Structures are given as structure tokens and as C-alpha cells.
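S.K.: prediction below, plus the sequence it came from.
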Amino acid sequence: MSTVESAPSAVRDLGHFIGGRQVPGTDPKNGGRHGNVYNPSSGALSGRAPLASKAQTEHAIADAAAAFPGWANTSPLTRARVMFRFKDLVEKHIDELARIVAGEHGKVISDAKGSIQRGLEVVEFACGIPHLLKGEYSDSVSAGIDVYSMRQPLGVCAGITPFNFPAMVPMWMFPMAIACGNTFVLKPSEKDPSCGLRLAELMMEAGAPPGVLNVVNGDKEAVDTLLGDPRVQAVSFVGSTPIAKYVFATASLNGKRVQSMGGAKNHMIVMPDADLDAAAEALMGAAYGSAGERCMAISVAVPVGEKTSNELMETMKPMVRNLKVGASTDPTSEMGPLVTREHLEKVRGYIHQGTLEGAELLVDGREFSLREHPEGFFIGGTLFDRVSPAMRIYKEEIFGPVLSVVRARSFEEALALPNEHEFGNGVAIFTRNGDVARNFANKVQCGMVGINVPIPVPLSFHSFGGWKNSMFGDMNQHGPEGVRFYTRVKTVTARWREGVNPGPQFGMPLHR
Ligand code: NAD
């Protein structure tokens, strides 16, 4: 029986959220441009997302700029209370939000809920903003002189987010920015734009004044407007590496603060002493969960030694074949469809490429189709053995349910693989040996490391970010780095000592 919820006839026209309300979408002066939104499980058109013009994006920036002075002047406790109410509202509406995510992205409901939960953890962290913004004070640094530092908000901040986490990635950004006293313009992915709009409505209901959180749906035109507008002080970007580099370069050139997260190719090393059943199970979730459309998905497994490799493949082959692929709203599905037909074709193309390059295709996901939904964007789990580092399927990010296995002869050979790869987002090692694990954690050239943990996404009170071509900028998402990113330091040196006039001082001011 079909479990896909939205009927093909229910095509919704989406808008933007500016100045505290939904506003109509396309700009007739700009040719009324829009993008199509699909339900990946049925393949049916479900919505039309407006692609904002420069003028519409500037309207959102203007509203955010107008709201900034008032919002920056609210007390941190007031802002924390808005965050507490927002947290309650997201929890109350989590089923609805998960259905929106599953309906436009395609991830299964349980996974969609989990991703919202991870976003909520950042909101919980942002609830502690009065403590996080406490400054530093040095008493009597010189005769009658005290020095104190405070962190102040920047102004209008922009967030540009990818399709694969339509709730979580925006929630990495705007709760932190807004709790710090900034106002925000979010530009979600045009592939799944509805979640951002709903989150903005909930922020208003939580008590954020109009203009504090705005959402413009759009594409390059909206992004370029945000990158160029002098009123925008900081840009947070998450998406593919070529666009991350472009956003970093353009916004930096325009004098903005930028954190720009890019693509990934995450390795999991399996040492001969590892619990192989646990490693295989971890690989199943990490490679095929969310159909591999996670920047922290494991896309390369590196078993060390022939025996480990053979045993791991024998264990995994039937598991990949038996993966339950189905509609995102089917509670029995372990993996849903890919986001669009275009992306499905891209992933199929990579599998073809792997066969041409000589990798051994143990399980071919292209053979999968779902009888109830022949038009859905489905593909089965795919497993390639004997992949070599020279192959494109190893070098490039596929962003689908395709696991490549590169067999290594030693720990050193295994360690060299992530270290020499252009990306450096996440990495994991499975072993029972503490020395090996510690050595690995010290030497590996990646930003987030898992030891017997396949997807080491840091909790919200730590910061998230990769190395090398997975991250451009210095300050990571959420946690202490998030607070630093969305604030700047002001240091005040004050003399309060009655009756003391030091007279003219022409030399360098020195401590006495
Ligand atoms: P994408 O780069 O295509 O799009 C990301 C955002 O950039 C979207 O909002 C999109 O509208 C905008 N954009 C696209 N083309 C643009 C252009 N030419 N100029 C200006 N803006 C443009 O990425 P995607 O396909 O939506 O998301 C998948 C990618 O995101 C993968 O590479 C994945 O690894 C990456 N990702 C990285 C992280 C991380 O933290 N490192 C997290 C999630 C996703």
C-alpha cells in the first residue's frame, strides 16, 4: 500500500518570510522565476519555490537591518527566553516538521526527526546565551585603571544552506546568531524550501520581533545579493565545495566574516582487531542512512589486511542487498529516495563510472525499483570492493548510497588515505587498541574524528567543522566557535580615580 502522503494535485505555491510574515513569491519584474519542488518518494511535483530577485532579497536585508538596533538592545535573558519558547514550539511541532523534511528531502521520518533533534540541541545551547556572552574583566591593571572586554553582535547575518538538512543546518546558524543579538536572513535550498518558512513562523510565535528572522527562497541571484550587500556583516554557508569556495572568496573580498562548509569524502578504517560485526553495522547506518546524502556519511571503508577485508565484505554483502528501501513515510523503510531525479541520474552515472574504472561491483543499487512508486527517485544500496585512490568514485563526492572499499595493507597505508584526500570533514577508526586509536586521532588530517563512532558529529556545545576543502574560514558552526563567529570583541580601558590628572602623555602608554 502506498504511504506517500502528498497527492500529485496538491502543488503549493511557496513564498518568502520577510518582516514577520509570509510574502508572495515570484517577482514579475524578474520574469516570475521559480524552481520546482518534488516529493522524492512519488516523483510528483509538490510545490513551486520562488527564486527571489535582487530587489526581493534587498527587501529582506532592509527589514533585518531595521530590526537590528532594537534586537541588539534586548537583554541576553530576553533573547534566551525567546529561544526557550522556540525550543518548546519545535518540540510540539516535531512530527509536522519531520513530515515536511521527509516530503521534500526524502529521508525517512525517523531520520528526519533525528536531524531536527540535532538542530534543537543547538537551540538548547543558545538558551544559555546570558552565560556564553559574559565578558572578561581585569581589575586595577594600572593606577585606577580597569580593563573589560565584551562581545557585541555584528548586525545582519546571512545563512545559505544545502538541501540535505533543511531543518538542522539552518538551526546550526540562526539560533546562535539571533541569541547573540544579530538579525538574520536565511536562504534555504530551493530543492526543499518549506521547512525554513515554517521555522521562521515558529520563531515569530516564540516572540522574535518582525525582521529578526527572514527567509528568502532563491538561487544564485539571491545568494549574490547577500554576498554583495554592505548591510550583511557575516555569511554562514553550507553546501558543495565549489560553491563554498566561491562564497568564501566573494564575501571575504566584500569585507564580511565568513564560515563556509563544503563537501566531504569520509573514511572509516577497520583494524584487524575490531569487532567486525559492530563495524559492519556501523558502516550500514553511516553509508546508507539518509541515502548517503549526509556530509558526515561514510563513503569509503578501509579494512586493514586481506583477512579483515574478506570477512567484512562477506558480512556486508547480504546486509546491503537486504537494505529496506522505501517511501520516506513508510515506517519500515531504512532508506528513502534521493532528493531529485537529476541527483539520481548523477549517482547512477558514478556507479557506471566505477565499473568502467575497474572497481568490483558487489551490490548494484541500479537494479532496485519500487513497484508502488515507479516514478520515485529510488536507488538501492551499492557496494564497490577493490576501489583504488586513482578512481573518480574514490576522489569525488558522490553523495548517494554508494560505499567504496579500499583495501589497505597496514595502518600507515590506511592513515595515508584520508590524509592525502582533498576533503577532511569526518573520519573514523574501529579498533580495540587504545594506542592505535590515540595515534590515529593525533595524526589524521580531518576536523572531526570518531573512535568506534562512525559519524562523529560534535554535540552542540562543541563546534562542527572540517579541514582542507571541506571548510573555508576559521570559525566553525555552533558551540564556542559559533558564539565567537556571531559576535565581535570590544575592549574598554577605563580610568576612574578621583583627583588624578596624569597631564599630557606623549610616549607610548605603559603600565605603571
Ligand atoms: P549546493 O552547493 O548545490 O547548494 C548549497 C546552497 O548554495 C543552496 O542554498 C544553493 O541554492 C546555493 N547555490 C547553488 N549554486 C550556487 C551558485 N552557483 N552560486 C551561489 N549559490 C549557489 O549544495 P547542495 O547540493 O544543496 O548540498 C549538498 C552539498 O552540501 C554536499 O557537497 C555536502 O557535502 C555539502 N554539505 C556539507 C556540510 C558540511 O558541514 N561540511 C553539511 C551538509 C552538506
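M.R.: Noted; the coordinates are in hand. Numbering: from 1, shown residues only.
S.K.: going forward, measure contacts between C-alpha atoms and count neighbours the same way
M.R.: Will do.
S.K.: ok, Gly354 touching Met391?
M.R.: Yes. Using Cα atoms under 8 Å, Gly354 is in contact with Met391, at 7.4 Å.
S.K.: more crowded one of those two?
M.R.: The residue with more neighbours, out of Gly354 and Met391, is Gly354; 20 against 15, by other Cα atoms under 10 Å.
S.K.: look up the closest residue to the more buried one, ignoring the ones flanking it.
M.R.: Leaving aside its sequence neighbours, Gly354 sits nearest to Ile393 (Cα to Cα, 6 or more residues apart in numbering; 5.9 Å).
S.K.: again with Trp71
M.R.: Trp71's closest residue in space is Gly181 (Cα to Cα, 6+ apart), at 6.0 Å.
S.K.: right, and the helix or strand after the one helix or strand Ala414 maps to?
M.R.: Counting by DSSP states H and E, the element that carries Ala414 is helix 411-420. Using DSSP H and E, the next helix or strand after helix 411-420 towards the C-terminus is strand 423-424.
S.K.: who does the following helix or strand past that next one touch, helix- and strand-wise?
M.R.: Beyond strand 423-424 on the C-terminal side, the first helix or strand identified by DSSP H and E is strand 426-430. Here strand 426-430 touches strand 266-270, strand 448-451, going by 3 or more Cα pairs under 8 Å, 6 or more residues apart in numbering; DSSP states H and E.
S.K.: so what touches strand 426-430?
M.R.: 264-271, 274-275, 279, 296, 298, 418, 437, 440, 446-456, 466 (Cα atoms under 8 Å, 6 or more residues apart in numbering).
S.K.: which of those come close to the ligand?
M.R.: The subset of these within reach of the ligand, by Cα under 6 Å from any ligand atom, is Ala264.
S.K.: now the buried members of the contacts of strand 426-430.
M.R.: 264-271, 274, 279, 296, 298, 418, 437, 440, 446-456, 466 (16 or more other Cα atoms under 10 Å).
S.K.: now the stretch 401-512 of the chain against the ligand: closest residue?
M.R.: Residue nearest to the ligand within the stretch 401-512 of the chain (Cα to the nearest ligand atom): Ser470, separated by 5.5 Å.
S.K.: okay, and the residue sitting nearest the centre point of the chain sits in which element?
M.R.: By Cα atoms, centre = their mean, the chain has its centre lying nearest to Val169, at 4.0 Å. In this structure, Val169 sits in helix 168-179 according to DSSP H and E.
S.K.: what do you get for Ala287?
M.R.: Here Ala287 is assigned to helix 276-288, by DSSP H and E.
S.K.: which SSE is immediately downstream of whichever strand or helix holds Phe237?
M.R.: Assessed by DSSP H and E, Phe237 sits inside strand 232-238. Toward the C-terminus, strand 232-238 is succeeded by helix 241-253 as the next helix or strand (DSSP H and E).
S.K.: any chance you could list what contacts that next one?
M.R.: Counting by Cα under 8 Å, 6+ apart, 227-228, 235, 237-238, 257-263, 469-473 sit against helix 241-253.
S.K.: and stretch 335-347, end to end?
M.R.: One end of stretch 335-347 to the other measures 15 Å (Cα to Cα, to the nearest Å).
S.K.: still on that earlier bit, okay, buried residues for the helix holding Val169 please.
M.R.: 168-179.
S.K.: got any ranges where the protein has weak pLDDT?
M.R.: 1-9, 512 (pLDDT under 70).
S.K.: can you pull the residues of it lying near the ligand?
M.R.: 160-164, 187-190, 219-220, 223, 238-240, 243, 261-264, 295, 470.
S.K.: which of these are buried, as a ChimeraX select command?
M.R.: Only the buried members of the residues of the chain next to the ligand enter the following ChimeraX selection, criterion being 16+ other Cα under 10 Å:
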select :160,161,162,163,164,187,188,189,190,219,223,238,239,240,243,261,262,263,264,295,470
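S.K.: just the ones of the residues of the chain next to the ligand in strands?
M.R.: 160, 187, 238, 261 (DSSP state E).
S.K.: how about the residues you listed, which pair is most distant?
M.R.: For these, the farthest-apart pair by Cα to Cα is Lys187 and Met261; their separation is 15.1 Å.
S.K.: show me where the stretch 1-150 of the chain has strands.
M.R.: Using DSSP state E, counting those that start in this stretch, the strands assigned to the stretch 1-150 of the chain run over residues 12-13, 16-18, 21-23, 34-39, 44-50, 136-142, 145-153.
S.K.: out of those strands, which is closest to Ala67?
M.R.: strand 16-18 (11.3 Å).
S.K.: now for the closest one, which elements pack on it?
M.R.: By 3+ Cα pairs under 8 Å, 6+ apart, strand 16-18 packs against strand 21-23, helix 54-72, helix 194-205, strand 213-215.
S.K.: got these as a markdown table, with mean neighbour count columns?
M.R.: Below are those laid out as a markdown table (neighbours: other Cα atoms under 10 Å):
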| stretch | mean neighbour count |
| --- | --- |
| strand 21-23 | 16 |
| helix 54-72 | 21 |
| helix 194-205 | 21 |
| strand 213-215 | 31 |
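S.K.: what would those look like in CSV with distance to Ala98?
M.R.: Below are the helices and strands packed on strand 16-18 laid out as CSV (distance: least, Cα to Cα, whole Å):
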stretch, distance to Ala98
strand 21-23, 21
helix 54-72, 27
helix 194-205, 9
strand 213-215, 19
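S.K.: and these: which comes nearest Lys490?
M.R.: helix 54-72 (14.8 Å).
S.K.: how big is the angle separating that closest one from helix 168-179?
M.R.: 50 degrees (axes from the mean of the first three to the mean of the last three Cα atoms, to 10 degrees).
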